[in-house]
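Visitor: Sequence below, structure please.
(chains A and B)
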Amino acid sequence: MQSVPDYIPRRYSEFVWSKHDPQLLLLFGGVLALLVVASAVGGILKRTAKTESARRVIDNLNARTRAWWKMSAIFALTLLVGKTGSLILFALLSFLALREYITLVPTRRGDHRTLFWTFFIITPLQYFLIAIDWYGFVAILIPAFAFVFIPARIALAGDTEHFLERAAKIQFGLMICAYCLSHAPALLILKIPNYEGHNSVLLLYLVLVDQMSDVLQYVWGKLLGQHKIAPNVSPNKTWEGFIGGVATATLLGAFLSWATPFTRWQSVGMSLAITLMGFLGGLVMSAIKRDAGVKDFGAVIEGHGGILDRIDSLCFAAPVFFHLVRYWFAR
Amino acid sequence: MSDKIHPLARIIAAFARGLSGVQIRWQGCAPEMRQRIYFANHTSHLDFVVLWSALPVELRARTRPVAAKDYWQAGFRAFLAQRVFRAVLVERGAAARVAHDEEHSHAAAFGVIEQLAEAMGERDSLIFFPEGTRGTGETVGEFKSGLYHLAKRRSDVELIPAYLENLNRILPKGEILPAPLLSTLTFGAPIQISDAENKHNFLERARAAVLVLRRKESE
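Guide: Prediction:
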């Protein structure tokens, strides 16, 4: 740990610098700078917008930026609080995402108690197991135990109509919203040689690259987007946005290698994996929304839609990134 | 009657708002400080609390639920209904028992309607579930005649239809533990009753005014 500069008041410095590495704080500084730039650019664009449709896009952009300020503040705060803070945040995100998902899925009266278990027992338990460092159980709770529990509980309730469909849909939601997402804060319990105590930087790296990839795909798509990738699934995803976003977010990841246990090129590979998985996550969740006949999963985040609309990419990127790190870097 | 809201009512309302994640849409009218009868579909114990908590605070103190006496008159339920939410407890099905005869039905319902009209007084609004009982949520049941008689008796107040979506999935009839999904509450445009309109017509029209607020059909 580096020594504390003299100009930082002592009591404050004890709190911040004793618990958090300079990398984390520097990355926060970077995010802050980005947000300031985004707000400034948004303000300028708002004045120059001429047509009605351009104004609508700019308003939505500015709404998104305002939401980014709030989301970044919440995420930074929970990271500073430590493992407990991050676990509570992600447990809450899982809960809210699952709620948005199940609301769209046509469950029946006979699924009621199963749903209670899903929300109030299985999802919290997943995060509790991370809190007590029991990785072996974290890995199998939902894919093995919940997987057999859910159809069994529905069968006990006695309603067989669309049985397989209902069991499968609930399990799918639990996998995406609770299991996959929980791999992000699970990074905090990996034991990485010569990187002890810095795991929260790794979580920040994942979220930063993943979310910046979303943002950059949106920006490149708006600037250059011409050729749609999957017009039936998501009319907003274009090859230009995809390639530009993945390339620039990967570049960002390469520059962030100093804060990670990765070399420059390893960081490129990791960022590429995160951005590609993130793209696929967005695509899959779009397909589900399209099938259910809705545009967004919810409306709680201004300009973005629901929680699940914001974290769909993270749900896919987190488990893959977690296991890449675990396989190659953890003890 | 005082304007004070029971502290437990505030707590229950906040809890119900959180649990139901309700999105409130004032589609055909705005929340206003005037006497109204809100009538909605009924599928869950949460219905009244969610509808009540969706109103601005100053309106809540002046809005009372109508509840069935046979269900809410004893023990803790009585405490909740009477003390906490100031419910107006009425005899259920008083009119239905003699429904084969229009004139007698009117007479039997008269007591209940008088009681409701009196409870409203000069300033209170009512929350009313004209189906009379909780349904499964797949459809909205036939409306009982109470709404018709009340509308005739108090033609000076606004009748506001409301549709509560998904509460049957959050806390269905017969369950005590909730599944915390998201719900929607939509308020529609006020409906009027005309002197010439017969009971059947009015009740069908009122039911249609609730049904039209279903999200799946309006979007």
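Visitor: Need the nearest residue in space to the residue in the stretch 1-150 of chain A that chain B sits nearest to, chain neighbours excluded.
Guide: Nearest residue of the stretch 1-150 of chain A to chain B: A:L115, at 3.7 Å (C-beta to the nearest C-beta). In this view, the C-beta of every residue, glycine as well, is placed from N, C-alpha and C. Leaving aside its sequence neighbours, A:L115 sits nearest to B:A179 (C-beta to C-beta, 6 or more residues apart in numbering or on different chains; 3.7 Å).
Visitor: element containing that neighbour?
Guide: Per DSSP states H and E, B:A179 falls between elements, in no helix or strand.
Visitor: Could I get the full set of helices for the chain?
Guide: Just so you know, I chose chain A. Taking DSSP state H as the test, the helices found in chain A are A:10-19, A:22-48, A:52-81, A:83-104, A:112-117, A:123-131, A:135-140, A:147-157, A:163-173, A:181-182, A:199-224, A:239-255, A:264-292, A:307-328.
Visitor: Actually, chain B is the one I wanted.
Guide: B:7-20, B:46-54, B:57-60, B:69-72, B:75-78, B:102-120, B:146-153, B:167-170, B:199-211, B:215-218.
Visitor: Determine how far the third one lies from the middle of the whole chain.
Guide: Looking back up the chat, that one is helix B:57-60. For helix B:57-60, the separation from the chain centroid amounts to 16 Å (computed by C-alpha atoms, centre = their mean, to the nearest Å).
Visitor: How about that helix, which residues are buried there?
Guide: B:59-60 (16 or more other C-beta atoms under 10 Å in any protein chain shown).
Visitor: could you say what helices and strands it packs with?
Guide: Using 3 or more C-beta pairs under 8 Å, 6 or more residues apart in numbering or on different chains; DSSP states H and E as the contact test, no helix or strand touches helix B:57-60.
Visitor: hang on, the earlier thing: mean pLDDT lowest where, among the helices of chain A?
Guide: Least confidently modelled of the helices of chain A is helix A:10-19, at a mean of 53 by mean pLDDT.
Visitor: picking up where we left off before, can you say which of the helices of chain A is packed in most?
Guide: Stretch with highest mean neighbour count among those: helix A:181-182 (a mean of 27; mean count of other C-beta atoms under 10 Å in any protein chain shown).
Visitor: In contact with the residue of the stretch 1-150 of chain A closest to chain B, which residues are there?
Guide: Taking C-beta atoms under 8 Å, 6 or more residues apart in numbering or on different chains, we find A:L115 in contact with A:102, A:107, A:170, B:179, B:181.
Visitor: mind running it again at 10 Å?
Guide: Shown in contact with A:L115 (C-beta atoms under 10 Å, 6 or more residues apart in numbering or on different chains): A:98-99, A:102, A:105, A:107, A:150, A:153-154, A:170, A:173, B:169-170, B:177-181.
Visitor: got it, and A:F163?
Guide: A:F163 neighbours (C-beta under 10 Å, 6+ apart): A:108, A:110, A:151, A:154-155.
Visitor: JSON lines for these, including distance to A:Q226?
Guide: JSON lines is the format used below for these (distance: C-beta to C-beta, whole Å):
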{"residue": "A:R108", "distance to A:Q226": "44"}
{"residue": "A:G110", "distance to A:Q226": "48"}
{"residue": "A:P151", "distance to A:Q226": "46"}
{"residue": "A:I154", "distance to A:Q226": "47"}
{"residue": "A:A155", "distance to A:Q226": "51"}
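Visitor: Of those, which pair is most distant in space?
Guide: A:R108 and A:P151 (13.8 Å; C-beta to C-beta).
Visitor: any shared contact partners between those two?
Guide: A:163, A:166.
Visitor: what's the spacing between the biggest strand by length in chain B and its chain's center?
Guide: Criterion DSSP state E: the longest strand present in chain B is strand B:158-165. Counting by C-alpha atoms, centre = their mean, strand B:158-165 is centred 8 Å from the centre of its parent chain.
Visitor: and it, C-alpha only, in PDB?
Guide: What follows is strand B:158-165, C-alpha atoms only, in PDB (Å, rounded to 0.1, in the frame of the first residue of the first chain):
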ATOM      1  CA  GLU B 158     -67.800  11.600  -9.400                       C
ATOM      2  CA  LEU B 159     -67.600   7.900 -10.300                       C
ATOM      3  CA  ILE B 160     -64.000   6.900 -11.100                       C
ATOM      4  CA  PRO B 161     -63.200   3.500 -12.600                       C
ATOM      5  CA  ALA B 162     -59.800   2.000 -11.800                       C
ATOM      6  CA  TYR B 163     -58.000  -1.200 -12.900                       C
ATOM      7  CA  LEU B 164     -55.600  -3.000 -10.700                       C
ATOM      8  CA  GLU B 165     -53.300  -5.200 -12.700                       C
END
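Visitor: Let me know the angle separating it from helix B:7-20.
Guide: 50 degrees (axes from the mean of the first three to the mean of the last three C-alpha atoms, to 10 degrees).
Visitor: didn't B:H149 look like it was pressed against B:V112?
Guide: Yes. Using C-beta atoms under 10 Å, B:H149 is in contact with B:V112, at 8.1 Å.
Visitor: so which of the contacts of A:F163 comes closest to A:R290?
Guide: A:R108 (23.0 Å).
Visitor: which non-adjacent residue is nearest that closest one?
Guide: A:D159 (5.8 Å).
Visitor: got a list of what the one you found touches?
Guide: Per C-beta under 10 Å, 6+ apart, neighbours of A:D159: A:108-111, A:166.
Visitor: quick one, what contacts the nearest residue to A:P261 once chain neighbours are set aside?
Guide: Closest residue to A:P261 apart from its sequence neighbours, by C-beta to C-beta, 6+ apart: A:Y195 at 4.5 Å. When contacts are counted by C-beta under 10 Å, 6+ apart, A:Y195 touches A:201-202, A:260-262, A:325, A:329-330.
Visitor: Can you tell me how far A:Y195 is from chain B?
Guide: 38 Å (C-beta to the nearest C-beta, to the nearest Å).
Visitor: what about the residue lying closest to A:P235 once chain neighbours are set aside, how many neighbours?
Guide: The shortest distance from A:P235 to any non-neighbouring residue, by C-beta to C-beta, 6+ apart, is to A:K228 (6.5 Å). By the criterion of other C-beta atoms under 10 Å in any protein chain shown, A:K228 has 17 neighbours.
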